[in-house]
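Participant: heads up, no residue letters with this:
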């Protein structure tokens, strides 16, 4: 299982099963459940959950038990990703209409229900992580790490910085700060939570954090580039949206060619940091996957 | 410290200190921090944190160490309460203008920042609970309980049910379900988290849950009655707002006199359930406080 995309498909199946079990159904929670499921089952590739499992393998977790041990964290990071999409698409934020080729939740269920479905997913993420972390693993540390990565120091902070930067002169340090918060923090904590679910020590947790931050920044730079270079049909969301909203992107700050070079360099540095781990071939394949969306 | 209101003032001081330390400041997080602080430091009486400490005393926790042990949970439930107010006041929800006599966060900082400040508070609540639960306490169980009480089975679910019920014929079972989710679940889990932070066993946790649900429902019925009977000046928010929005309230379902009778009966039942605990005088004073807002 060293090919990232086939590994990702295997993870997808397990994670989708878990999400199916752990999300409320419409019989129990009506439109709230429907809106939560609308975004969670809208065709996401489960990148973050896959990284959770990769992190577990990287510190010596063995298949197939690694899936069971990492599943709580894997579902949790996907729920947080889904909530962030719901809230980002709201009219007071990006006012999205299309997400993964489907109408956004707020256009289907109304704004209030979409907002509350996001709140419900964020809350459920912590509950699921706490309930399904294997005995003997540091559940308190894991909850705290997830909170930090997704909160004001991480994803939420990055989102605010992103909105504040709209229309400003592009500046690479400012973009780095936005992308670190919005994207890289959650990619990094995904690897870390996987590691911790499989018994990682402090050295490995720090290492996985560094690997994840570089992969995450590269991933977001590639995303910025795709927004410039791709079509709405290929993306499943509006292409050129960043420029339309005067978003501060990496290519806007350094130019398209330098952005490509930077993405490559970040993936290389991530792979060097990953070298002492036990899933180096999988990490190499992840690097190819991150860049392969573009090159 | 058996008088609830002086006990509440003592808790307030400790909890405000902790919130001051654990919330981001504007130097670190700009408007996001300002919006989080705007709602948290808007003059709330810290009822839920006080109940956390009461739960700890009730299972044998001793002053003053009980404060330290319960402080993580106490700050967490207040952050969740504050986030719920921020999101409830947004234009797509209740479109509030005034909260505790001050302008709502979205009118001061804009909708997007108010939304994200709510997300930040909800996330930070779990991080703070995880980081500040004393060693040896069941932090995973505590995070899971808080998630359940505040999520789709609790507060978020109650909020959705409340919105869905607007304009429908009042029905007491439906109101009970809304109030249980919106209010009683968080009151109950506050007592339970306090108990767990002080080493409560399963019997006490179940008992504190029952006490909290009855106190919580009584509290919300009194809130409904105050909305009918009080003035905007006395409430610090718009009086008569429930009727204006055709909210499904307890007095609308059973009448004002029966609602008063029900609130009294619920407090009595809560005190019976509280009887085996070690903070019965404090609980009695809490009952007087809940009803005293009205009678």
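Facilitator: Perfect, I can see it now. Here the structure is a predicted model, which is why all the values come from computation and not from measurement.
Participant: Count the neighbours of residue A:39 for me.
Facilitator: Counted with other C-beta atoms under 10 Å in any protein chain shown, residues neighbouring residue A:39 total 25. All C-beta spots, glycine's among them, are computed from the backbone N, C-alpha and C.
Participant: nope, residue A:216 is what I meant
Facilitator: 27.
Participant: next one: residue A:173
Facilitator: Residue A:173: 8 neighbours (other C-beta under 10 Å).
Participant: List the contacts of the closest residue to residue A:271 other than its chain neighbours.
Facilitator: Counting by C-beta to C-beta, 6 or more residues apart in numbering or on different chains, residue A:271 lies nearest to residue A:287, which is 5.5 Å off, once chain neighbours are set aside. By C-beta atoms under 8 Å, 6 or more residues apart in numbering or on different chains, residue A:287 lies in contact with A:215, A:267-268, A:270-271.
Participant: 10 Å instead, please
Facilitator: With contact set as C-beta atoms under 10 Å, 6 or more residues apart in numbering or on different chains, residue A:287 has these partners: A:4, A:214-215, A:218, A:264, A:266-268, A:270-271, A:274.
Participant: To what extent is the residue of the stretch 151-295 of chain A at minimum distance from chain B buried, counted in neighbours?
Facilitator: For the stretch 151-295 of chain A and chain B, the shortest gap (C-beta to the nearest C-beta) falls at residue A:151, measuring 3.7 Å. Here the number of neighbours of residue A:151 (other C-beta under 10 Å) works out to 26.
Participant: quick one, phi/psi of it?
Facilitator: Per-residue torsions, residue A:151: phi -100, psi -150 (degrees, to the nearest 10).
Participant: With residue A:102 instead?
Facilitator: phi -120, psi 160.
Participant: so how far is residue A:8 from the nearest residue to it once chain neighbours are set aside?
Facilitator: Residue nearest to residue A:102 in three dimensions, not counting chain neighbours: residue A:42, with 5.6 Å by C-beta to C-beta, 6+ apart. Distance of residue A:42 to residue A:8, computed by C-beta to C-beta, to the nearest Å: 17 Å.
Participant: Between these two, which is the more surrounded one?
Facilitator: In this view residue A:42 and residue A:8 are compared by other C-beta under 10 Å, and residue A:8 has more residues nearby, 22 against 17.
Participant: Next up, the contacts around the more buried one.
Facilitator: A:1, A:15, A:45-47, A:49-51, A:53-54, A:285-286, A:289.
Participant: State the pLDDT value of it.
Facilitator: You'll see residue A:8 listed with a pLDDT of 92.
Participant: and it, what element?
Facilitator: Here residue A:8 sits within helix A:4-22, counting by DSSP states H and E.
Participant: Now do the strands in chain A.
Facilitator: Secondary structure of chain A (DSSP state E): strands at A:98-99, A:102-103.
Participant: Pick the most buried one from those.
Facilitator: Most buried of those by mean neighbour count (mean count of other C-beta atoms under 10 Å in any protein chain shown) is strand A:98-99; its value is a mean of 20.
Participant: gap between that one and the chain center?
Facilitator: Relative to the centre of its chain, strand A:98-99 is centred 17 Å away, using C-alpha atoms, centre = their mean, to the nearest Å.
Participant: just stretch A:153-171 next, same as before
Facilitator: With C-alpha atoms, centre = their mean, you get 17 Å for stretch A:153-171.
Participant: Repeat that for stretch A:95-114.
Facilitator: Relative to where its chain is centred, stretch A:95-114 has its mean C-alpha point 19 Å off (C-alpha atoms, centre = their mean).
Participant: Also stretch A:273-292?
Facilitator: With C-alpha atoms, centre = their mean, you get 17 Å for stretch A:273-292.
Participant: And stretch A:27-39, by the same measure?
Facilitator: The chain centroid and the centroid of stretch A:27-39 are separated by 22 Å under C-alpha atoms, centre = their mean.
Participant: Quick check: buried residues in it?
Facilitator: For stretch A:27-39, a neighbour-count test (16 or more other C-beta atoms under 10 Å in any protein chain shown) marks A:29-39 as buried.
Participant: thinking again about what came up before, just the contacts of residue A:287: which has the poorest pLDDT?
Facilitator: Least confident entry in the contacts of residue A:287, by pLDDT: residue A:4, with 86.
Participant: thought it was touching residue A:284?
Facilitator: Yes: contact criterion C-beta atoms under 10 Å: residue A:4 and residue A:284 qualify, at 8.6 Å.
Participant: and the two? which has more neighbours close in?
Facilitator: Comparing residue A:4 with residue A:284 by other C-beta under 10 Å, the one with more neighbours is residue A:4, at 23 against 16.
Participant: so what's that one closest to, chain neighbours aside?
Facilitator: residue A:285 (3.8 Å).
Participant: which ones are touching that neighbour?
Facilitator: Residues in contact with residue A:285 (C-beta under 10 Å, 6+ apart) are A:1-8, A:54, A:279, A:292.
Participant: Give me the buried subset of those.
Facilitator: By 16+ other C-beta under 10 Å, the contacts of residue A:285 give A:1, A:4, A:7-8, A:54, A:279 as buried.
Participant: Looking at those residues, which is nearest chain B?
Facilitator: residue A:54 (23.7 Å).
Participant: wait, isn't that closest one in contact with residue A:289?
Facilitator: No: using C-beta under 10 Å as the test, residue A:54 is too far from residue A:289 to be in contact (11.2 Å).
Participant: residues shared between the contacts of the two?
Facilitator: With C-beta under 10 Å, 6+ apart as the test, residue A:54 and residue A:289 both reach A:4, A:7-8.
Participant: Mind putting those residues into CSV with distance to residue B:82?
Facilitator: Putting the shared contacts of residue A:54 and residue A:289 into CSV (distance: C-beta to C-beta, whole Å) gives the following:
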residue, distance to residue B:82
A:4, 41
A:7, 41
A:8, 38
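Participant: Give me the buried positions along stretch A:268-276.
Facilitator: Quick answer for stretch A:268-276 (16+ other C-beta under 10 Å): A:269-271, A:273-274.
Participant: Now, the residues you listed that are in helices?
Facilitator: A:269-271, A:273-274 (DSSP state H).
Participant: If we check chain B, which of the buried residues of stretch A:27-39 are in contact?
Facilitator: A:29-33, A:35-36 (C-beta under 10 Å from any C-beta of the partner chain).
Participant: In helices, which of these appear?
Facilitator: Filtering these for helices - DSSP H - leaves A:29-33, A:35-36.
Participant: re the thing from before, spatially, which two of the buried ones among the contacts of residue A:285 are the most separated?
Facilitator: Using C-beta to C-beta, these span at most 13.5 Å, a distance reached by A:8 and A:279.
Participant: list the residues that contact both of these two?
Facilitator: Joint contacts of residue A:8 and residue A:279 (C-beta under 10 Å, 6+ apart) are A:1, A:53-54, A:285-286.
Participant: Now intersect those with the helices, please.
Facilitator: A:53-54, A:285-286.
Participant: which one of the residues you listed is nearest residue B:199?
Facilitator: residue A:53 (35.9 Å).
Participant: State the number of residues packed around that closest one.
Facilitator: By other C-beta under 10 Å, the residues close to residue A:53 number 33.
Participant: Would you convert the ones next to chain B among the buried residues of stretch A:27-39 into TSV that also reports pLDDT?
Facilitator: Converted to TSV, these look like this (pLDDT from 0 to 100):
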residue	pLDDT
A:29	93
A:30	94
A:31	96
A:32	98
A:33	98
A:35	98
A:36	98
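Participant: for chain A, which spans come out with low pLDDT?
Facilitator: For chain A, the stretches with pLDDT under 70 are A:1-2, A:231-237, A:239, A:295.
Participant: Now the biggest helix by length in it: buried residues?
Facilitator: Taking DSSP H as the assignment, the helix of chain A that covers the most residues is helix A:202-229. Neighbour-count burial for helix A:202-229 flags A:204-205, A:207-227 (criterion: 16+ other C-beta under 10 Å).
Participant: and if you look at stretch A:151-167?
Facilitator: A:151-165.
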